[in-house]
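here you go, sequence then predicted model.
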Amino acid sequence: MLPLLALPLLFAPAPLPAQAGSGPYVVAESGRAFGRLQDAVDAIGGGGGTIRIAPGYHRDCAVQTEGRIAFVAVEPGRAIFDGVACEDKAALVLRGDGAKVDGIVFQNIRVPDGNGAGIRLEKSNLDIVNSLFRNSEEGILTGDDEGAALTIDRSTFSRLGRCDRGLSCAHSVYTGVYGRVTVTRSRFEKGSGGHYLKTRGVQVDISDNSFDDTQGKATNYAIDLPSGSTGRIANNLIIQGRDKENHSALIAVAAEERKNPSRGLSITGNRASVPAELSGKTVFVADWSGEALAIGPNELGAGLTKFEKR
């Protein structure tokens, strides 16, 4: 069953600009308030803690190099990181021992190499819940950490991605070789280039999401597993739009390499459609892995071919 994707943060009243010096970042365990996010991160150091982020537009960013930190909006959907990237990467650059992000909005992030993201995850576990990524080059970009897991739940990705200027493409979500990537009950929409969800995760759970490409521009695959993967893609709604750079497939498996095994990857219970007037063939699952995928019952609209080996 598909989720109700009416995130309250999408309809929250517009917050006022965050006031400099008002201590918008509070370390919950100590009660100390900070004017800069980096100072709050540094105060936690190699330990563990929660940073409560006040409502407002925060033209700020931070780099986490140690410890385990939860970044939590006091009012979900009203703590907005707007337009500032640390290290020419992202609003949050995470390479500590683990992190959580809850109720935060990331927007308008652009950097010289075209990969400006809300979050750059370089290693360790990350849990994201009830957050919004919009109007940036990329929502989330990760490095490789086969021993770690990325979990995304009840979050929205809108107006993200690009393939221009002769630079490598950016995507709404792009993960490196993570041990496990879980994306559930989330919404992807209005892409502006690249793929909606591209992951080199060894194992994936992509379930109960919606991929609405009806207002996308120059987009590619809804789900791209470029290195192959096991796990499941289940109970998602995928609607392909008209303005495509590549309309040949909705789900791609091992299109770039066969680094990860794909045998038994379960693709079932999904609903998918393409525009009636779209010229050329569109395949629901395009497979380069050569392995036996477990493609179960899926509800496919007119004009969609179920499977193609490439």
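Noted; the coordinates are in hand.

in the sheet, who's paired with residue 132?
Using DSSP bridges, the bridge partners assigned to residue 132 are residue 105, residue 156.

from residue 277, how far out is it?
Residue 132 sits 32 Å away from residue 277, going by CB to CB, to the nearest Å. Where you see a C-beta, it was placed from the backbone N, CA and C, and this is true even at glycine.

the two - which one has more neighbours?
residue 132 (23 against 7; other CB atoms under 10 Å).

wait, the more buried one touches residue 105, no?
Yes. The pair residue 132 / residue 105 is scored as a contact, 4.5 Å apart, by CB atoms under 8 Å.

three-state assignment of residue 242?
coil (DSSP: H, G, I helix; E, B strand; the rest coil).

what's near enough to touch it?
By CB atoms under 8 Å, 6 or more residues apart in numbering, residue 242 lies in contact with 214, 275, 277-278.

now those residues: which count as buried?
Buried by 16 or more other CB atoms under 10 Å: residue 275, out of the contacts of residue 242.

what's the most distant pair in the contacts of residue 242?
214 and 277 (13.3 Å; CB to CB).

strands of the stretch 201-310 of the chain, start to end?
203-207, 210-212, 223-225, 230-234, 237-239, 249-253, 266-268, 271-273, 282-287, 294-295, 299-300, 304-309 (DSSP state E, counting those that start in this stretch).

okay if I get the ones you listed as JSON lines plus mean neighbour count?
Formatted as JSON lines, the strands of the stretch 201-310 of the chain follow (neighbours: other CB atoms under 10 Å):
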{"stretch": "strand 203-207", "mean neighbour count": "22"}
{"stretch": "strand 210-212", "mean neighbour count": "22"}
{"stretch": "strand 223-225", "mean neighbour count": "27"}
{"stretch": "strand 230-234", "mean neighbour count": "21"}
{"stretch": "strand 237-239", "mean neighbour count": "22"}
{"stretch": "strand 249-253", "mean neighbour count": "26"}
{"stretch": "strand 266-268", "mean neighbour count": "18"}
{"stretch": "strand 271-273", "mean neighbour count": "18"}
{"stretch": "strand 282-287", "mean neighbour count": "22"}
{"stretch": "strand 294-295", "mean neighbour count": "15"}
{"stretch": "strand 299-300", "mean neighbour count": "14"}
{"stretch": "strand 304-309", "mean neighbour count": "14"}
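
and those as CSV, adding mean pLDDT and distance to residue 136?
Supplementary listing: the strands of the stretch 201-310 of the chain in CSV, determined by pLDDT from 0 to 100; distance: least, CB to CB, whole Å:
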stretch, mean pLDDT, distance to residue 136
strand 203-207, 99, 21
strand 210-212, 99, 18
strand 223-225, 99, 19
strand 230-234, 99, 25
strand 237-239, 99, 22
strand 249-253, 98, 23
strand 266-268, 99, 29
strand 271-273, 98, 27
strand 282-287, 97, 28
strand 294-295, 98, 34
strand 299-300, 98, 32
strand 304-309, 96, 31
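
turn those into a markdown table, including distance to residue 23.
Formatted as a markdown table, the strands of the stretch 201-310 of the chain follow (distance: least, CB to CB, whole Å):
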| stretch | distance to residue 23 |
| --- | --- |
| strand 203-207 | 39 |
| strand 210-212 | 38 |
| strand 223-225 | 42 |
| strand 230-234 | 43 |
| strand 237-239 | 42 |
| strand 249-253 | 46 |
| strand 266-268 | 48 |
| strand 271-273 | 47 |
| strand 282-287 | 51 |
| strand 294-295 | 53 |
| strand 299-300 | 51 |
| strand 304-309 | 54 |
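
which one, of those, ends up nearest to residue 195?
strand 223-225 (4.4 Å).

by contact count, what packs against that closest one?
Secondary-structure packing of strand 223-225 (3 or more CB pairs under 8 Å, 6 or more residues apart in numbering; DSSP states H and E): strand 197-199, strand 249-253.
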